[in-house]
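**Q** Give me the fold of what follows.
(chains A and B)
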2 protein chains.
Amino acid sequence: MTALEKLIFRNQENKFICVGLDTDFKKLPQTVLKEINPVLEFNRRIIEATKNQAAAYKLNFAFYEADGLEGLKNLEKTLKFIPENILTIGDAKRGDIGNTSKMYATSVYDVFGFDAITLHPYMGFDSLSPFLEYEDKLNFILALTSNPGANDFEKLELKEGSFVYQKVIQSVKKWNNKNNCGIVFGATKVEELNDNMNLINDLPVLLPGVGAQGGKLEDVVEVFKNNKRKNYFVNVSRGIIYKDSSNDFDKSAYNEIYKLNLTVKNILS
Amino acid sequence: MTALEKLIFRNQENKFICVGLDTDFKKLPQTVLKEINPVLEFNRRIIEATKNQAAAYKLNFAFYEADGLEGLKNLEKTLKFIPENILTIGDAKRGDIGNTSKMYATSVYDVFGFDAITLHPYMGFDSLSPFLEYEDKLNFILALTSNPGANDFEKLELKEGSFVYQKVIQSVKKWNNKNNCGIVFGATKVEELNDNMNLINDLPVLLPGVGAQGGKLEDVVEVFKNNKRKNYFVNVSRGIIYKDSSNDFDKSAYNEIYKLNLTVKNILS
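**A** I've put the predicted structure just below:
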């Protein structure tokens, strides 16, 4: 299955929630601290509990790199717990000159084996093209992000009329010859999402920012419903994995994603 | 010594060349392939040969991540070969939402122990601020990069008149309260460098792109000389470390950086 097929498959089952495994040692429930490898055991239990409800899993490299080599070993091992038919997103936000981006693509796609990645557009086409060579993968390029800093550069107005992030979306569409590109659009920016649905057209969309960052799942789903389209993931990290700090953290994670899926189902039916 | 002090110290000695340790296993000289750890032995010999001439060392994470965990172990070990008083730049090009950038800062500054980092500005202030908290470090933010893709977004003209990359430079100056920011400016973009020296003012500048990418050392040094300022590094990677594929690769690397330093000295005197 290609990455796009995995996305479509889960979306057809009305599953749109991507579980963000932003696992921070300092936020782990007491109960896993007695394990030999608390982060890995935490991830294993979260995945085991949520895998029938999750549309995808997103692992942000930063949370693993912060623990150095041990952290990256955990990232590698965590991927093995995720069923083959569920999309895995390496939230790496990479981007460098061509020969260097090629090395990052090797790392995230060949060495770690992720199905998808997130990428910074700032350095332009040749910084993205080595990733775009991978036909079976999905490259989510940052367009309008969920954070306050999105106003600093992404939302600057260009002389030609559009905003910087809109120019990024236009360019991604132009570069999407292999049908393996998508964009990242903040779930906190629902008004802009709605206004740009024609521009985004059929590009897959990864939407972080629901929960701790203030985005509302219902609002995002309504926009896609009104535009009669699927091919998107709404990422929830802290809202699922840290829902409960008791020994039942995994059951609570399951209950939370079950509720989120039900919310989506109710809107769509 | 703070990162800025290390930069100033070397610049006062008229040393401006940063050695880019973009070590690619496939490009190693035959002679080191018989070693237990060829990449590490190659880096050790390059550093040993060039350390009296180098103004800084820049390690691009991509080249190490491409070898997975072993690669990152090599990155960690390579740093130990670099004398304490020479600036080390983690060319990581990171940038994410605030709580995530904090994790990247922990990784690059606390875990690996680099003196400086390169950062993507796209996501704005809160994606940079966790790095800017480190008073003794130097944060080089991408402004106008050396690659062809710099035209795609960095050089878009804004409605307010300037280009995107100029707005980035303006913002970095505004955010530089702790005097720990710099910018990345492509050595292939000498005309724009010259035109923007007033705007850049006294921000430290990291200039990649000399050699394989087509930038000329002489041109860059002339611009800084004409503007009576220092506080910059010109990075050379392939042109130094792969100058020679014989067993004398380290001597050739030394000869090359010696020549580059002499070129600079001749221009400045």
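**Q** C-alpha only now, for contacts and for neighbours.
**A** OK.
**Q** Off-centre distance for whatever helix or strand residue A:103 lives in?
**A** Using DSSP states H and E, the element containing residue A:103 is helix A:98-105. Computed by C-alpha atoms, centre = their mean, to the nearest Å, the chain-centroid distance of helix A:98-105 equals 21 Å.
**Q** same check, this time on stretch A:92-104
**A** Its chain's C-alpha centre and that of stretch A:92-104 lie 18 Å apart, by C-alpha atoms, centre = their mean.
**Q** and if you look at stretch A:70-79?
**A** The answer for stretch A:70-79 is 18 Å, by C-alpha atoms, centre = their mean.
**Q** same deal with stretch A:32-48?
**A** On C-alpha atoms, centre = their mean, the centre of stretch A:32-48 falls 22 Å from that of its chain.
**Q** Which positions within it qualify as buried?
**A** Within stretch A:32-48, the residues scored as buried using 16 or more other C-alpha atoms under 10 Å in any protein chain shown are A:32, A:38-48.
**Q** Go through the residues you listed and name the one nearest chain B.
**A** Nearest to chain B, judged by C-alpha to the nearest C-alpha, of the buried residues of stretch A:32-48 is residue A:39 at 15.1 Å.
**Q** Hmm, that closest one is touching residue A:26, no?
**A** No - between residue A:39 and residue A:26 there is no contact under C-alpha atoms under 8 Å: 9.9 Å.
**Q** Pull up the overlap in contacts between those two.
**A** Counting by C-alpha atoms under 8 Å, 6 or more residues apart in numbering or on different chains, residue A:39 and residue A:26 have no common neighbour.
**Q** Surely residue A:118 is within a helix?
**A** No - the assignment for residue A:118, made by DSSP: H, G, I helix; E, B strand; the rest coil, is strand rather than a helix.
**Q** Give me the number of neighbouring residues for it.
**A** Applying other C-alpha atoms under 10 Å in any protein chain shown, we find 24 residues neighbouring residue A:118.
**Q** Please tell me how far it sits from residue B:5.
**A** 35 Å (C-alpha to C-alpha, to the nearest Å).
**Q** do residue A:35 as well
**A** 44 Å.
**Q** So which residues on the stretch 1-150 of chain A come close to chain B?
**A** When proximity is defined as C-alpha under 8 Å from any C-alpha of the partner chain, the stretch 1-150 of chain A approaches chain B at A:62-63, A:65-69, A:72-73, A:93-98, A:100-101, A:103-107, A:111-112, A:120-127, A:145-150.
**Q** Show me which residues of the helix holding residue A:103 are buried.
**A** For helix A:98-105, the neighbour count (16+ other C-alpha under 10 Å) marks A:98, A:100-105 as buried.
**Q** And stretch A:250-264, by the same measure?
**A** Applying 16+ other C-alpha under 10 Å to stretch A:250-264 flags A:250-258, A:260-261, A:264 as buried.
**Q** Equivalent analysis for stretch A:12-29, please.
**A** For stretch A:12-29, a neighbour-count test (16+ other C-alpha under 10 Å) marks A:14-23, A:25, A:28-29 as buried.
**Q** got the end-to-end distance for that stretch?
**A** End to end - C-alpha to C-alpha - stretch A:12-29 spans 34 Å.
**Q** And for stretch A:199-216?
**A** For stretch A:199-216, the first and last residues are 22 Å from each other (C-alpha to C-alpha).
**Q** list the buried ones in that stretch?
**A** For stretch A:199-216, by 16+ other C-alpha under 10 Å, it's A:200, A:203-211, A:213, A:215-216.
**Q** which of these lies closest to residue A:236?
**A** The shortest gap between residue A:236 and any of the buried residues of stretch A:199-216 belongs to residue A:210, at 5.8 Å (C-alpha to C-alpha).
**Q** where along the stretch 51-200 of chain A do the helices fall?
**A** Secondary structure of the stretch 51-200 of chain A (DSSP state H, counting those that start in this stretch): helices at A:61-65, A:68-81, A:98-105, A:125-132, A:164-175, A:190-195, A:197-200.
**Q** Tabulate those (CSV), appending mean pLDDT.
**A** CSV is the format used below for the helices of the stretch 51-200 of chain A (pLDDT from 0 to 100):
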stretch, mean pLDDT
helix A:61-65, 98
helix A:68-81, 97
helix A:98-105, 97
helix A:125-132, 98
helix A:164-175, 98
helix A:190-195, 98
helix A:197-200, 98
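**Q** just these: most buried one?
**A** Ranked by mean neighbour count, the helices of the stretch 51-200 of chain A are led by helix A:61-65 with a mean of 25 (mean count of other C-alpha atoms under 10 Å in any protein chain shown).
**Q** Off-centre distance for that helix?
**A** 14 Å.
**Q** Let's see it as PDB, backbone CA atoms only.
**A** Extracted in PDB, the C-alpha atoms of helix A:61-65 (Å, rounded to 0.1, in the frame of the first residue of the first chain):
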ATOM      1  CA  PHE A  61      11.400  13.800  15.900                       C
ATOM      2  CA  ALA A  62      12.100  16.600  18.400                       C
ATOM      3  CA  PHE A  63      10.600  14.700  21.300                       C
ATOM      4  CA  TYR A  64      12.900  11.700  20.600                       C
ATOM      5  CA  GLU A  65      16.000  13.700  19.700                       C
END
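**Q** For that helix, name the packing helices and strands.
**A** With contacts taken as 3 or more C-alpha pairs under 8 Å, 6 or more residues apart in numbering or on different chains; DSSP states H and E, helix A:61-65 sits against helix A:68-81, strand A:87-94, helix B:98-105.
**Q** Compute the inter-axis angle for the first one and strand A:87-94.
**A** Spelled out, it's helix A:68-81. 150 degrees (axes from the mean of the first three to the mean of the last three C-alpha atoms, to 10 degrees).
**Q** Ok, the last one next?
**A** Calculated by the same axes, to 10 degrees, helix B:98-105 forms an angle of 70 degrees with strand A:87-94.
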